[in-house]
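**Student:** give me a 3D structure for the following:
(chains A, B, C and D)
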There are 2 protein chains.
Amino acid sequence: MTSTPLADLWPTLPGADARPEAAYRLLQAAVESFAERGFHATTTRDIATAAGMSPAALYIHYQSKAALLAEISRAGHAATLTLVRNAAAGEGGPAERMRRLVEQFTAWHARARTVGRVVNYELHALPEDAYAVVAALRLDIEREVSALIGAGVAAGDFQVAEVRTAARAVTSLGIDVSRWYTDNSTETPEELGRRYGELVLRMLGARV
Amino acid sequence: MTSTPLADLWPTLPGADARPEAAYRLLQAAVESFAERGFHATTTRDIATAAGMSPAALYIHYQSKAALLAEISRAGHAATLTLVRNAAAGEGGPAERMRRLVEQFTAWHARARTVGRVVNYELHALPEDAYAVVAALRLDIEREVSALIGAGVAAGDFQVAEVRTAARAVTSLGIDVSRWYTDNSTETPEELGRRYGELVLRMLGARV
DNA sequence: CACCTGACTAAGCGCTTGCTCAGCATGCTG
DNA sequence: CAGCATGCTGAGCAAGCGCTTAGTCAGGTG
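**Tutor:** You can find the predicted model right below:
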């Protein structure tokens, strides 16, 4: 049972970057398992069994268990950065763009919470080179949010004492959603996004 | 190198609930290791070596590796609940009490970030009975925050659409601090607490 | 038909894991 | 002094780990 929009991250249709259906099933199984039990508590047998194959088949599609994690983390971070960039670069003033950013950032972390957990809470298990790639993406995300808050302050739309602290708070709220959101949560991802958008604008001192 | 105030959680001085110095050293080593690598990536040899003994010595003081985790999680949650209760029950109106709660909650998650990480991100590794104990404490913490927000709304001091969502946001901000705060962070735990207190009051629509 | 390729499995290797146990030193008690 | 409890170690066991290897089989190509 998953509500993770994995197809958004890894195209299943034939194409340049398409991968065999078996490789896709392994990714899906790894995401669910890493999210539920963590990387180190997940065995290659868990992943392979959930994907309907023997453990050896995993190594035809991926170099190692860590390579699977690296691929999930990279794609998840890339998708998040794209989402943030699109929202921040859209139409409207800083407040309108920030509202859209928080709405989508929050909804994504609720909807794709399994990917979100792997992305945010399994960083320490990444091999060094994969971590470097991902750390750069995280920095870009943080900078994008900081820049938008800075623009709002410059325009007189926001009032914050410290831009970096405010940016931390905004991203924190979204990231932590992937930790606590469950299938039983009464709010839909979109409802939660709208409410968080409202809370964040007030937090930033926006005149609404 | 730790700035975790472990002595607050487990008394080292002689007394009713005092434990041998060796048991305390094991706790300290386990907290650091679980926080940095996670429960499953930590070996009993890691913990024992960091505490300056052989792996076998661990089992004189604790039944298992999981029992160590359970003790850390229980004590950490109990301390957090006490902190929240004291802040919420202090002097002043809802806004003043909420400011104090957020300041202390935030500062604790920055100062004791290693304990905080174990408390918030290693729940899935807890044995079932230990998890039940801890889940009850978490519910109490959430209820305490919700009640304070509810009191503020009733008094006309806060304006929030959904008390539960607002409570989630408030606790989320504090919890997530233990994920990102590091020794290199420029803000002291107390500074961060004050800034977060300010942000939260605005988020709750307090007239400040 | 023979031949090849690519996806896959059964079996298992070398190693690490959590944990146990026999034995040793220390220091308290009668 | 003997006797014993306490805190600990060195050695190592059974189980489970990530990953490899040899081989199977379906399907495409000449």
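**Student:** give me the neighbour count for A:Gly150.
**Tutor:** By other CB atoms under 10 Å in any protein chain shown, 18 other residues sit near A:Gly150. All C-beta atoms are positioned from the backbone trio N, CA, C, and that covers glycine.
**Student:** list the buried residues of the strand or helix carrying it.
**Tutor:** Taking DSSP states H and E as the criterion, the element that holds A:Gly150 is helix A:128-154. Neighbour-count burial for helix A:128-154, counted by 16 or more other CB atoms under 10 Å in any protein chain shown, picks out A:130-131, A:134, A:137-138, A:140-142, A:144-146, A:148-153.
**Student:** same question, stretch A:92-104
**Tutor:** So stretch A:92-104, judged by 16+ other CB under 10 Å, has buried residues A:94-95, A:97-104.
**Student:** in chain A, where is pLDDT below threshold?
**Tutor:** Along chain A, segments meeting pLDDT under 70 span A:1-7, A:11-19, A:208.
**Student:** close to DNA strand D: what parts of it are there?
**Tutor:** Counting by CB under 7 Å from any atom of the strand, chain A comes close to DNA strand D at A:42-45, A:55-56, A:59, A:64-66.
**Student:** now, those residues that are in helices?
**Tutor:** Among those, the ones falling in helices (DSSP state H) are A:44-45, A:55-56, A:59, A:65-66.
**Student:** returning to what we had before: give me the buried subset of the residues of chain A next to DNA strand D.
**Tutor:** Buried, going by 16+ other CB under 10 Å: A:42, A:44, A:65, out of those.
**Student:** which of those residues sits closest to B:Val31?
**Tutor:** B:Val31 lies nearest to A:Thr42 out of those, by CB to CB, at 23.6 Å.
**Student:** wait, what's in contact with the closest one?
**Tutor:** A:30, A:33-34, A:65 (CB atoms under 8 Å, 6 or more residues apart in numbering or on different chains).
**Student:** same question, A:Val153
**Tutor:** A:Val153 touches A:159-160, A:163, counting by CB under 8 Å, 6+ apart.
**Student:** again, only using 7 Å
**Tutor:** Going by CB atoms under 7 Å, 6 or more residues apart in numbering or on different chains, A:Val153 touches A:160, A:163.
**Student:** again with A:Arg138
**Tutor:** A:Arg138 makes contacts with A:His77, as judged by CB under 7 Å, 6+ apart.
**Student:** and it, how close does it get to A:Ala130?
**Tutor:** 13 Å (CB to CB, to the nearest Å).
**Student:** tell me, how many neighbours does A:Ala112 end up with?
**Tutor:** Neighbours around A:Ala112, by other CB under 10 Å: 26.
**Student:** the residue most distant from the middle of chain A, which is it?
**Tutor:** A:Gly156 (30.3 Å; CA atoms, centre = their mean).
**Student:** next, it: phi, psi?
**Tutor:** Backbone torsions for A:Gly156, taken as degrees, to the nearest 10, come to phi 80, psi 10.
**Student:** what does A:Ala51 give?
**Tutor:** phi -90, psi 0.
**Student:** repeat for the one 3 residues further on
**Tutor:** Note on A:Ser54: its backbone torsions stand at phi -90, psi 160 [degrees, to the nearest 10].
**Student:** any idea how far it is from DNA strand C?
**Tutor:** For A:Ser54, the distance to DNA strand C equals 3 Å [CB to the nearest atom of the strand, to the nearest Å].
**Student:** please apply the same query to A:Gly93.
**Tutor:** Applying CB to the nearest atom of the strand to A:Gly93 and DNA strand C gives a distance of 51 Å.
**Student:** surely that residue meets A:Asp157?
**Tutor:** Yes: using CB atoms under 7 Å, A:Gly93 makes contact with A:Asp157 at a distance of 6.2 Å.
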